[in-house]
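Trainee: Generate coordinates for the sequence data below:
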Amino acid sequence: MTPLKDIRMQRSRHRQTWPLDTLPALAPLNQPPSLAARCPREPRPLLLKGRIASARFEVLRPEPKWLRLYFSLLVIALCSISECIRLNYICDNVDPSEKAVVTCESQTASLSCDQGTIKVLSANYGRTDRQTCSTGRPDNQLTNVQCTQSTSLSVVAIRCDGKTNCSIVAENAAFTDPCGGTYKYLTVSYKCVATPPPSPVEPSLAIVTCESQTAFLSCVQGVIKVLSANYGRTDRQTCSTGRPDNQLTNVQCTQSTSLSVVAIRCDGKTSCSIVAENAAFTDPCGGTYKYLTVSYKCVAPSPPSPPSPREFCT
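Mentor: Okay, the predicted model is just below:
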């Protein structure tokens, strides 16, 4: 047998050559080394917390609680941020002026705007679910949920667009029956839009020229557009100074060709002149002292028309 002293020296030699991490990490300091520590052999794999530690007596320490809490809060924060972004996107894309009304069959739908006018966005007379307007109705009147009427939007738009309020009865007489035997309802989505400002009215100019005198038309900006004209007499006061009564009696004196005569002479020009005389207009009422009235306005000049193909060939 080997002397006890030699055995102790061999043990001491083995302990000195082993690395420190081969010692049991959880063993109390006041206890002697375990059998695995006393025996010079490769340790077996250790199963801790469902995982195999292949290193020498490697102990897997549990994750700190603060780390778990940190990751949990991080996940919650990311989810909250994504939800806020989603909700903000939804809210930002909802038009606050958009309104919706649902009206059961045979009842009256009322649309109104406190500010602006109505603009119908969508409408349907029919049935697309079993719950709406179903109270007291038998099942056979609620079964068809594919009931739509394609002309609903145009019917409501014609009745309501551009108005501050309107009403329409949800009935077959207004929309025609899209699905017989089904109890229907009218859904309308609309919004209130700002009333467009009235287009500016270009001021018109009027001139009166007594017979045998010259009428002058001119535009500082734009070109002349003749609106109306008459060579004759429609009252007793105009151009009456120094004239006998018999020349002022006929106040039904008109010449239908007056507008075309003046328009041909003046339309599209910045200025023009025409003599108020029978030679230019022919005499509509002999023996009556006449005058020429012309109403016109100054408009932007029309763009030049493109040249015809024949002009390129010449």
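Trainee: all strands of this structure, in order?
Mentor: Along the chain, the stretches classed as strands by DSSP state E are 46-48, 51-53, 98-104, 108-112, 117-126, 165-169, 185-193, 205-210, 214-218, 223-232, 271-275, 291-299.
Trainee: Any idea which of those gets closest to residue 242?
Mentor: Proximity of the strands of the chain to residue 242 was assessed by C-beta to C-beta; the nearest stretch is strand 205-210, lying at 10.7 Å. Heads up, the C-betas are built off the backbone N, CA and C, glycines and all.
Trainee: picking up where we left off before, would you turn the strands of the chain into a markdown table with mean pLDDT?
Mentor: Listed next are the strands of the chain as a markdown table, based on pLDDT from 0 to 100:
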| stretch | mean pLDDT |
| --- | --- |
| strand 46-48 | 46 |
| strand 51-53 | 45 |
| strand 98-104 | 92 |
| strand 108-112 | 93 |
| strand 117-126 | 94 |
| strand 165-169 | 93 |
| strand 185-193 | 94 |
| strand 205-210 | 94 |
| strand 214-218 | 95 |
| strand 223-232 | 94 |
| strand 271-275 | 95 |
| strand 291-299 | 94 |
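Trainee: Dump those strands into CSV; add mean neighbour count and distance to residue 255 as well.
Mentor: Formatted as CSV, the strands of the chain follow (neighbours: other C-beta atoms under 10 Å; distance: least, C-beta to C-beta, whole Å):
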stretch, mean neighbour count, distance to residue 255
strand 46-48, 13, 117
strand 51-53, 11, 112
strand 98-104, 15, 57
strand 108-112, 17, 52
strand 117-126, 20, 44
strand 165-169, 16, 47
strand 185-193, 20, 48
strand 205-210, 15, 14
strand 214-218, 17, 14
strand 223-232, 20, 5
strand 271-275, 16, 13
strand 291-299, 20, 9
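Trainee: Please identify which of the ones you listed is closest to residue 248.
Mentor: Smallest distance to residue 248 across the strands of the chain (C-beta to C-beta): 10.8 Å, for strand 291-299.
Trainee: Show me the beta-bridge partners of residue 223.
Mentor: Residue 223 has the following beta-bridge partners by DSSP bridges: residue 299.
Trainee: so which of the strands of the chain gets nearest residue 149?
Mentor: strand 117-126 (4.6 Å).
Trainee: quick one, the closest one and strand 108-112 angle?
Mentor: 160 degrees (axes from the mean of the first three to the mean of the last three C-alpha atoms, to 10 degrees).
Trainee: tell me the angle strand 117-126 makes with strand 98-104.
Mentor: Orientation check (the same axes, to 10 degrees): strand 117-126 against strand 98-104 gives 40 degrees.
Trainee: List the contacts of strand 117-126.
Mentor: 98, 111-112, 147-149, 152-153, 155-157, 160-166, 170, 174-175, 178-179, 182, 184-193, 195 (C-beta atoms under 8 Å, 6 or more residues apart in numbering).
Trainee: Note down every partner strand of that strand and its orientation.
Mentor: Under the rule (DSSP bridges), strand 117-126 has strand 185-193 (antiparallel) as partners.
Trainee: Low-confidence stretches in this protein?
Mentor: Screening the chain residue by residue with the criterion pLDDT under 70, one finds the ranges 1-66, 79-97, 198-202, 305-314.
Trainee: What is the end-to-end distance of stretch 193-204?
Mentor: End-to-end distance of stretch 193-204 (C-alpha to C-alpha, to the nearest Å): 32 Å.
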